[in-house]
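S.K.: Pasting the sequence and the predicted coordinates here, then a few questions.
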Amino acid sequence: MKETNSDRANDNAEASQNIAARRMDQNSIDFGYRTVQRSDKAGLVRGVFNSVASRYDLMNDLMSGGVHRLWKAAMIDWMAPQRHQNLVDLAGGTGDISMRFLSNGGGVACITDINHAMLQVGRGRRDLQRMANQISWCVANAEALPFESQIADFVTIAFGLRNVTDRQAALNEAYRILKPGGRFLCLEFSHVQNRPLAKLYHSWSFNILPVMGQVVTGDAGSYRYLVESIRTFPTQEVLTDMFAQAGFAQIRVRSLSAGIACIHSGWKLD
């Protein structure tokens with residue numbers, strides 16, 4: 001059948017719409033349930049943590065009933081740090097992971113975060129001040145780290161990857177700065193598989209946590225975003241594929257608390 005000018009016009013219009021949609025996808029990103037320009041997300045995330053920095057650690061205890069401490073301990077136990085090993089902790093915030101790494105036998109730690117206010121709170125922690133000669137602090141974006149390649153025995157990120165604009169770039173950077181034989185671990189909220197528990201967890205997250213955030217920090221909106229960011233984060237399977245794309249091998253996943261959180265681990269073999 002002969003193609004008409006009208007057919008060609010419709011095809012061209014459809015093609016143009018598809019190109020525009022792809023460009024929109026490339027230029028936009030999730031910020032909780034909102035869609036924002038990629039160039040804006042880092043600033044929005046910085047605003048969230050500027051608002052909650054002074055009460056961040058307290059809220060972690062209140063939100064999880066202290067269970068986040070068990071999750072972090074599980075990650076450190078899996079790492080089994082040694083005195084000769086060094087850590088670069090991405091989105092390290094107030095230094096909780098680095099403190100645990102050093103307390104459990106690690107050598108030195110560099111705490112990086114895009115948010116200066118969170119690092120300042122960490123610098124004021126007495127337990128970290130006692131380790132000052134083993135700790136360095138760096139304001140840095142996990143997507144473009146200011147470090148040479150192959151300098152770390154461990155790289156970690158705990159409850160931070162979902163706030164990163166380009167998560168694959170962050171995984172690529174973690175791989176780049178690891179020494180051959182080094183290991184990357186990501187502790188993050190996940191997707192609960194048990195339906196009754198998932199329903200209860202969903203109700204708690206959306207109905208209680210923003211209210212708690214308002215009472216403790218005066219900011220319900222930031223905690224509403226944090227809850228939404230968990231729902232829009234990739235599944236364990238998708239994140240495993242992203243690890244592999246970055247070059248990691250021997251990738252393992254451990255679910256925690258029925259899937260409320262999980263740890264992904266990957267090795268840089270060469």
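M.R.: Looks like it came in fine.
S.K.: pLDDT below threshold where in the chain?
M.R.: 1-25 (pLDDT under 70).
S.K.: Now do the strands in it.
M.R.: Secondary structure of the chain (DSSP state E): strands located at 28-31, 34-37, 86-90, 108-113, 135-139, 152-158, 178-189, 249-256, 261-267.
S.K.: would you list those strands in TSV and tack on distance to Tyr225 and mean neighbour count?
M.R.: Any C-beta I mention is one placed from the backbone N, CA and C, and that applies to glycine too. Listed next are the strands of the chain as TSV, based on distance: least, CB to CB, whole Å; neighbours: other CB atoms under 10 Å:
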stretch	distance to Tyr225	mean neighbour count
strand 28-31	7	18
strand 34-37	8	13
strand 86-90	20	26
strand 108-113	17	24
strand 135-139	21	16
strand 152-158	18	25
strand 178-189	13	20
strand 249-256	23	14
strand 261-267	18	22
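S.K.: Tell me which of the ones you listed lies nearest to Ala53.
M.R.: Proximity to Ala53 (CB to CB) singles out strand 108-113 among these, at 10.0 Å.
S.K.: That closest one relative to strand 86-90, how many degrees between them?
M.R.: Computed by axes from the mean of the first three to the mean of the last three CA atoms, to 10 degrees, the angle separating strand 108-113 from strand 86-90 equals 10 degrees.
S.K.: Could you save the strands of the chain as CSV and add columns showing distance to Ser203?
M.R.: Formatted as CSV, the strands of the chain follow (distance: least, CB to CB, whole Å):
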stretch, distance to Ser203
strand 28-31, 22
strand 34-37, 22
strand 86-90, 32
strand 108-113, 31
strand 135-139, 37
strand 152-158, 25
strand 178-189, 16
strand 249-256, 20
strand 261-267, 18
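S.K.: got the buried residues for stretch 98-109?
M.R.: Neighbour-count burial for stretch 98-109 flags Ser98, Met99, Arg100, Phe101, Leu102, Gly106, Val108, Ala109 (criterion: 16 or more other CB atoms under 10 Å).
S.K.: Was I right to think the last one contacts Asn133?
M.R.: No. With contact taken as CB atoms under 8 Å, Ala109 and Asn133 are classed as non-touching, separated by 11.3 Å.
S.K.: if we can go back for a sec, for Arg55, find the nearest of the strands of the chain.
M.R.: strand 108-113 (16.5 Å).
S.K.: hmm, back to that, with distance to Gln37 added, can I get the buried residues of stretch 98-109 in JSON lines?
M.R.: Formatted as JSON lines, these follow (distance: CB to CB, whole Å):
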{"residue": "Ser98", "distance to Gln37": "32"}
{"residue": "Met99", "distance to Gln37": "36"}
{"residue": "Arg100", "distance to Gln37": "36"}
{"residue": "Phe101", "distance to Gln37": "36"}
{"residue": "Leu102", "distance to Gln37": "39"}
{"residue": "Gly106", "distance to Gln37": "39"}
{"residue": "Val108", "distance to Gln37": "38"}
{"residue": "Ala109", "distance to Gln37": "34"}
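S.K.: just checking, which of these belong to helices?
M.R.: Taking DSSP state H as the definition of helices, those contribute Ser98, Met99, Arg100, Phe101, Leu102.
S.K.: Make CSV out of the residues you listed and add distance to Gly247.
M.R.: Listed next are these as CSV, based on distance: CB to CB, whole Å:
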residue, distance to Gly247
Ser98, 24
Met99, 29
Arg100, 27
Phe101, 23
Leu102, 28
